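**Student:** give me a 3D structure for the following:
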Amino acid sequence: MNKRDKNQRGQVTIFVIVAIIIVVAIGIYFVLRSSFGQINIPASIEPAYTSFLSCVESDAYTGIDVLESQGGYINLPEFEPGSGYMPFGSQLNFLGNPIPYWYYVSGNNIAKEQVPSKTDMEKQLGEFIDGKIRNCVLDNYYEQGFEISLGEPKTEVTITGSEVQVNLKMDFSAIKGEDTALVTSHKVSVNSNLGTLYDSAKTLYDYEQKNLFLENYAVDTLRLYAPVDGVELTCSPKVWNANEIFSELENATEINTLSLKVAGGDYSLKNKDNEYFVVDVPVSSGVRFINSKDWAHGFEVSPSDESMLIANPIGTQQGLGVLGFCYVPYHFVYDMQYPVLVQIYEGDEIFQFPLAVVVQGNRPREAMNGTSSSSEYPELCNYKNTFTKVTTYDSSLSPVEADISYECFGTTCLVGKTDSSGYLEDYFPQCVNGYILARAEGYADSKELYSTVQPGSSEIIMDKLYEEEISLDVGGNSNIENAIIYFVSDKNSKTIVYPEQKKVNLTEGQYEVQVYIYKNSSIKLDSTTQEQCMEVPQEGIGSLLGLTEKKCFNIEIPEQIVSNVLAGGGKQNYYILESELESSNFIRISAESLPVPKTIANLQDNQEIFDSKGLEIQFS
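**Tutor:** Presented below is the predicted three-dimensional model:
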């Protein structure tokens, strides 16, 4: 064997030895790692530790249940009440369980969001377990002679799609006879769809904030169940009861909201019988939308007089006889606010959160920019920097507790409430020629022009409302089938539809009392064609010279049946004293009858006669 062969054989031996050392090291590593990863607890103590881990798991499940039922919160944000302007507080009371709104409008008309992040939920769940785990019931083991002590807990939680991982740092020390155990770290994995449900809820919420699909459904419901705008051929006013409209809207909103479905989830397994109610949102979980007419909500409409919506006819007034027919145009503007509770579910697990649906001026509210991260603040309400004193009194200078707000350029900001002495000191938004508004139960709303460019004070006298019952007769006959009574005033105008309404709330002041009495009729107006001519610019070079020519066109007037006609009434100016309102319960109004019209010309004649008729008004 030569020297070269010996060197080669020596090198091979070294490689074999190194390889053996590496294999042995790896084997030792895995053995030691396995032993390090195991918790060596004596068999006598193991049942107590297993019970302790069950407590960790149980507390985790309890915390998860609270998070899911309260919109991702265990510790609720500070409660903010609503107001007469906006009915929402910051929480929805659902079956006695307060749930923070993810989106709502505060009492002073500020749009706000309170959407928890997944990190927020993990932190709150960890703190929840920290607060509960030391109450783990191990009494049975104490009775068996165990000595168990628990250290201070510090829990870290990780929420994934299908499980919640709990890592609890806490000393668990147990002694049973001669056996002892000390465990400082405890890991538990809980099966839960909390992460998946939250992700679906967040996706759906962001879709709503961008597309306002709930508001669009609300607008459709409004136009289907309430008079919004239109024209009707009739010679008598159209009258609607706002309370009845709102009641129908409440019922329709509740039913239609419950009918909403999300494409996907469990809906794809059902019959798609009405695609109109299907919302195309990329959510795999099942979704329910809930509304109840018993929850706080708000409906407002204008123009209105208390609970009545009235549209007056055109074509019966003096000088409009050329029309040859009557029609009633109407346009009402609604504001609607109501809550919707969204429930996202997988099996028996339900994650729920509420949000406010807001329709302003017959239109959906403005969409929030981007996803849930910030709140909207109207510029006027955001900068209150002028210190102002407001005092509210009645006509006898007794203090009145009133809600005070400030209006400028169409924006109204709630400021506060005067105390029992009728006094308020607070900061107001800065504005020139704005209005201080005062509202109190039992008093007419007061409005005072006031500029808040520098600190100052304002005293507001509020007029007390008195309820009076109306008694109406025509030539001594009190059997009135259909009448409208107007109390027209600069401060407190009122309208009642008689005899459905017989009570009115009035304050002292100057009124023009107008009474319109209608009777059934069957006047038939045939369809006609009228020629209408007008001067229009000439075509071609004539238009450059300002020349005009006469062009005529035909106006088709459709046939109509006049079912109600003006048959009595009149007008009367009357200054109502507060002493009259205090000492009386009835207002007796006597009017004169008019000839029952039989033609459109008679309708015009009755309007002219009506303007010359007066009324007799007595308080008793």
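
**Student:** below-threshold pLDDT in the stretch 351-500 of the chain: ranges please.
**Tutor:** When residues are selected by pLDDT under 70, those of the stretch 351-500 of the chain lie in 368-379.

**Student:** which parts of the stretch 301-450 of the chain are helices?
**Tutor:** 379-382 (DSSP state H, counting those that start in this stretch).

**Student:** actually the chain, not the one I wrote
**Tutor:** Counting by DSSP state H, the chain has helices at residues 3-37, 46-69, 118-133, 139-143, 194-211, 213-225, 242-259, 379-382, 541-544, 578-583, 600-612.

**Student:** for residue 188, which of those helices is the nearest?
**Tutor:** helix 46-69 (4.9 Å; Cβ to Cβ). Every C-beta, even on glycine, is put in place using the N, C-alpha and C of the backbone.

**Student:** in the closest one, what counts as buried?
**Tutor:** Using 16 or more other Cβ atoms under 10 Å as the test for burial, helix 46-69 gives 48-49, 52-53, 55-60, 63-64, 66-69.

**Student:** please apply the same query to stretch 482-491.
**Tutor:** 482-487, 489.

**Student:** again with stretch 197-211
**Tutor:** 197-209.

**Student:** which of these lies closest to residue 291?
**Tutor:** Once Cβ to Cβ is applied, the member of these that ends up nearest residue 291 is residue 208, at 14.1 Å.

**Student:** the closest one and residue 385, how far apart?
**Tutor:** 35 Å (Cβ to Cβ, to the nearest Å).

**Student:** please apply the same query to residue 580.
**Tutor:** 45 Å.

**Student:** tabulate the buried residues of stretch 197-211 (CSV), appending pLDDT.
**Tutor:** As requested, the buried residues of stretch 197-211 are arranged in CSV below (pLDDT from 0 to 100):
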residue, pLDDT
197, 96
198, 96
199, 95
200, 94
201, 95
202, 95
203, 94
204, 95
205, 96
206, 94
207, 94
208, 95
209, 93
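
**Student:** closest to residue 473 out of those residues?
**Tutor:** Lowest distance from residue 473 to those (Cβ to Cβ) belongs to residue 208, with 56.0 Å.

**Student:** ok, residue 451 touching residue 435?
**Tutor:** No. Residue 451 sits out of contact with residue 435 when judged by Cβ atoms under 8 Å, with a separation of 10.0 Å.

**Student:** tell me what residue 504 is bridged to.
**Tutor:** Note on residue 504: beta-bridge partners residue 468, judged by DSSP bridges.

**Student:** next, count neighbours for the closest residue in space to residue 249 that isn't next to it in sequence.
**Tutor:** Sequence neighbours aside, residue 225 is the residue nearest to residue 249 in space, at 5.5 Å (criterion: Cβ to Cβ, 6 or more residues apart in numbering). Look at residue 225: counted by other Cβ atoms under 10 Å, it has 17 neighbours.

**Student:** what of the one 3 residues further on?
**Tutor:** Taking other Cβ under 10 Å as the criterion, the count of residues near residue 228 is 16.

**Student:** right, and it touches residue 359 too?
**Tutor:** No. Using Cβ under 8 Å, residue 228 makes no contact with residue 359, being 11.3 Å away.

**Student:** now for the two: what residues contact both?
**Tutor:** Residues touching both residue 228 and residue 359 (Cβ atoms under 8 Å, 6 or more residues apart in numbering) are 222, 334.

**Student:** and which of the buried residues of helix 46-69 is nearest to residue 603?
**Tutor:** Checking the buried residues of helix 46-69 one by one against residue 603 (Cβ to Cβ), the nearest turns out to be residue 69, at 63.9 Å.

**Student:** next up, the contacts around that closest one.
**Tutor:** When contacts are counted by Cβ under 8 Å, 6+ apart, residue 69 touches 97, 99, 350, 352.

**Student:** and these, which of them are in strands?
**Tutor:** Taking DSSP state E, the ones among the contacts of residue 69 that sit in strands are 97, 99, 350, 352.

**Student:** so can I have TSV of the residues you listed showing neighbour count and distance to residue 149?
**Tutor:** Formatted as TSV, the ones in strands among the contacts of residue 69 follow (neighbours: other Cβ atoms under 10 Å; distance: Cβ to Cβ, whole Å):
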residue	neighbour count	distance to residue 149
97	12	37
99	21	39
350	17	39
352	22	40
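
**Student:** out of the residues you listed, the closest to residue 123 would be?
**Tutor:** Once Cβ to Cβ is applied, the member of the ones in strands among the contacts of residue 69 that ends up nearest residue 123 is residue 99, at 19.3 Å.
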